[in-house]
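Need a 3D model of the following:
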Amino acid sequence: MTSFTAGVKDLANRLFGGYAELLRMPHTARFAIGSVIACMPFPMVGMTITISVQHYYGNYSLAGALTAIQAIATALVGPLLGKLVDIYGQRQVSIPTIIVWIIASTSLVTAITRHAPQWVLYAIVPFMAAIPPWGAMSRGRWTRLLRGDHARTDRALSLSGVLDECMWVVGNPLASTLAVISGLLAFSFTGMCVIVGALMFLTERTTEPPSQTQLAREAGLTRAQYREREAQKAAALRGTTTPTATTAATPGNRAADEPSSTGRSGHSHGSIWGPGLVAVCATWFGLGAFQSAAGISIIAFATEQNMKQYTGFVFACFSLSSLTGALVYGAKNWMIPLWKRFYVCLAVVNLGIGSFLFAKHLWVIMVIYLVIGVCQAPTWINGNQLMLHLVPPSRFTEGMAWMGAMNSIGSSVGSAIAGAYIDRAGSHGGFVVVTALAIGSLLIALTGIRQIKSSTEAPTLTEVEV
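Residues are numbered from 1 along each chain as shown. Below you'll find the predicted structure:
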């Protein structure tokens, strides 16, 4: 019995010891947990809109179109907010953004419950995209605090994935339960989470990364000059040839444009785009497309079986399995190359969700989710780790926002197509779309294997100092 107890304690220490060490660091628990609470709109708003609109309007196409518009708006606004956060600072951008979201969510739930004309819903939904990039800002704080410590940085990104999955485990069943009771109740709870989480996160200022404006001011440079110098440092860290300061300062000079032609971020505008980032964003587009299509198809499938009230718990099983995968994945220092881990996890998720077409019962989908979910969070963790190799530190929030934006665009495409096919052929039509998108997105991801592999062989750019 003693040896069994000791074994359990040793296992718990292996799984949770590294995470507990991170959260014991001064001020880290506050911003890490606060960001997750503030992110509750992500698991709750989409499902709340879908269930509420279907209840009041009886139209899956309208629900799919609204969630698609919100996703498109999020995709357009997300990179802009991420770039503004990097330029001006987290608090300066987040506070006005939160105010816009609260006004929009209040207006939307009022319009839905009063059965307003559809054009009113279409007019309000884009403003629901006014959500600060909490996840990217939290990860930005971790990478700054742990700069130079690769093992702890990877574990911190895994911890962020664990906390995100906790949010989805709680948010999905809450959304389905509260939305069935009242759309107003669901949106009120979400708004309260946004306010509480924002207060926890934004009032913790000691861990906030300096903005580009602040860094440039301290260096005696303009923001453009600072970004250019940072891009040159990043290119030097990669071992590439960068233009001289004189050449780089000449607009339109051919030499100043040469780094961009090699996919590096060292041209005169300091662009973060390169082959690796393009490949990751294309992969995240496909990931969002088939997973969003799967979500709306599962809701339709459950409704046909008179089991709509269980949809949130089915999604929660996926998140719970993903949470388990994140815990185990982050507890181990992997020797397998990052790009191999990325593609193995991605293939398991794609092929597993693609098999929903053959499920005859909602519980079969739940079992599949439980099995493949262990690879969901590691896929995102691997994506976050890839970003450390692709963008410099003062552009990290922007880079993460672009990855999330492509995922949102993919989600909008997937939900719109699936919604149309569900209205025509029921849930089976939706699952046909899911399978096609899952296989297609995996093929798209495989076309970028060379770019992603080469990116992981480059140093992490979070070590750039200007």
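
going forward, measure contacts between C-alpha atoms and count neighbours the same way
Noted.

can you count the residues close to V364?
Neighbours of V364 under the rule other Cα atoms under 10 Å: 14.

Quickly find the element holding it.
helix 362-372 (DSSP states H and E).

Mind giving me the packing neighbours of that helix?
helix 275-304, helix 311-331, helix 338-354 (3 or more Cα pairs under 8 Å, 6 or more residues apart in numbering; DSSP states H and E).

closest one to V196 among those?
helix 311-331 (22.9 Å; Cα to Cα).

Give me the pLDDT value at A236.
On pLDDT, A236 comes in at 63.

so where do the helices sit in the stretch 1-150 of the chain?
Here the stretch 1-150 of the chain has its helices, by DSSP state H, counting those that start in this stretch, at 2-24, 28-38, 41-57, 60-88, 90-113, 118-124, 134-145, 150-181.

Reformat the ones you listed into JSON lines and put mean pLDDT, mean neighbour count and distance to W339 next to each item.
Shown next, in JSON lines, are those (pLDDT from 0 to 100; neighbours: other Cα atoms under 10 Å; distance: least, Cα to Cα, whole Å):
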{"stretch": "helix 2-24", "mean pLDDT": "72", "mean neighbour count": "13", "distance to W339": "23"}
{"stretch": "helix 28-38", "mean pLDDT": "90", "mean neighbour count": "24", "distance to W339": "27"}
{"stretch": "helix 41-57", "mean pLDDT": "79", "mean neighbour count": "22", "distance to W339": "27"}
{"stretch": "helix 60-88", "mean pLDDT": "83", "mean neighbour count": "23", "distance to W339": "25"}
{"stretch": "helix 90-113", "mean pLDDT": "90", "mean neighbour count": "18", "distance to W339": "31"}
{"stretch": "helix 118-124", "mean pLDDT": "91", "mean neighbour count": "15", "distance to W339": "40"}
{"stretch": "helix 134-145", "mean pLDDT": "87", "mean neighbour count": "22", "distance to W339": "20"}
{"stretch": "helix 150-181", "mean pLDDT": "76", "mean neighbour count": "23", "distance to W339": "14"}
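
Format those helices as CSV; extra columns: distance to E204.
CSV is the format used below for the helices of the stretch 1-150 of the chain (distance: least, Cα to Cα, whole Å):
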stretch, distance to E204
helix 2-24, 14
helix 28-38, 6
helix 41-57, 21
helix 60-88, 16
helix 90-113, 10
helix 118-124, 32
helix 134-145, 11
helix 150-181, 17
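
what's the closest of these to L362?
Nearest to L362 among the helices of the stretch 1-150 of the chain is helix 150-181; the distance by Cα to Cα comes to 15.2 Å.

what's the spacing between whichever helix or strand comes after the closest one and its chain's center?
Past helix 150-181, further along toward the C-terminus, the next helix or strand under DSSP H and E is helix 183-202. Centroid separation for helix 183-202 versus its chain: 19 Å, with Cα atoms, centre = their mean, to the nearest Å.

Contact partners for H27?
204, 206-207 (Cα atoms under 8 Å, 6 or more residues apart in numbering).

Take those residues and lay them out in TSV including distance to I95.
Listed next are those as TSV, based on distance: Cα to Cα, whole Å:
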residue	distance to I95
E204	14
T206	18
T207	17
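
If any of those residues are buried, put those into a PyMOL selection.
Written as a PyMOL command, the selection of buried residues from the contacts of H27, which uses 16 or more other Cα atoms under 10 Å, is:
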select buried, resi 207
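
any idea which helix or strand carries the residue nearest the centre of the chain?
In the chain, the residue lying closest to the centroid (Cα atoms, centre = their mean) is G404, at 4.7 Å. With elements taken from DSSP H and E, the one containing G404 is helix 396-447.

Just want the angle from that helix to helix 338-354.
70 degrees (axes from the mean of the first three to the mean of the last three Cα atoms, to 10 degrees).

immediately after helix 396-447, which helix or strand?
The helix or strand immediately downstream of helix 396-447 is helix 449-456, counting by DSSP H and E.

mind checking which of the helices of the stretch 1-150 of the chain is nearest F285?
helix 60-88 (10.5 Å).

what is the orientation angle of the closest one with helix 41-57?
Using the same axes, to 10 degrees: helix 60-88 against helix 41-57 is 150 degrees.

for helix 60-88, packing partners?
For helix 60-88, the packing partners by 3+ Cα pairs under 8 Å, 6+ apart come out as helix 41-57, helix 90-113, helix 118-124, helix 212-219, helix 396-447.

Just tell me which of these ends up closest to A186.
Proximity to A186 (Cα to Cα) singles out helix 41-57 among those, at 6.9 Å.

Give me the helices and strands touching the closest one, please.
So helix 41-57, by 3+ Cα pairs under 8 Å, 6+ apart, packs with helix 60-88, helix 90-113, helix 150-181, helix 183-202.

Could you list every helix and strand in contact with the last one?
So that's helix 183-202. Counting contacts by 3+ Cα pairs under 8 Å, 6+ apart, helix 183-202 packs against helix 28-38, helix 41-57, helix 90-113, helix 150-181.

ok, now the longest one?
Applying 3+ Cα pairs under 8 Å, 6+ apart, one finds that helix 150-181 makes contact with helix 2-24, helix 28-38, helix 41-57, helix 134-145, helix 183-202, helix 311-331, helix 376-390.

between the ones you listed, which one is nearest to L84?
helix 134-145 (11.7 Å).

Give me the distance between the closest one and the centre of its chain.
Distance of helix 134-145 from the chain centroid (Cα atoms, centre = their mean) equals 13 Å.

and it with helix 150-181, angle?
Using the same axes, to 10 degrees, helix 134-145 lies at 160 degrees relative to helix 150-181.

Would you reformat the helices and strands packed on helix 150-181 as JSON lines and include distance to S441?
Shown next, in JSON lines, are the helices and strands packed on helix 150-181 (distance: least, Cα to Cα, whole Å):
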{"stretch": "helix 2-24", "distance to S441": "32"}
{"stretch": "helix 28-38", "distance to S441": "28"}
{"stretch": "helix 41-57", "distance to S441": "22"}
{"stretch": "helix 134-145", "distance to S441": "24"}
{"stretch": "helix 183-202", "distance to S441": "32"}
{"stretch": "helix 311-331", "distance to S441": "20"}
{"stretch": "helix 376-390", "distance to S441": "14"}
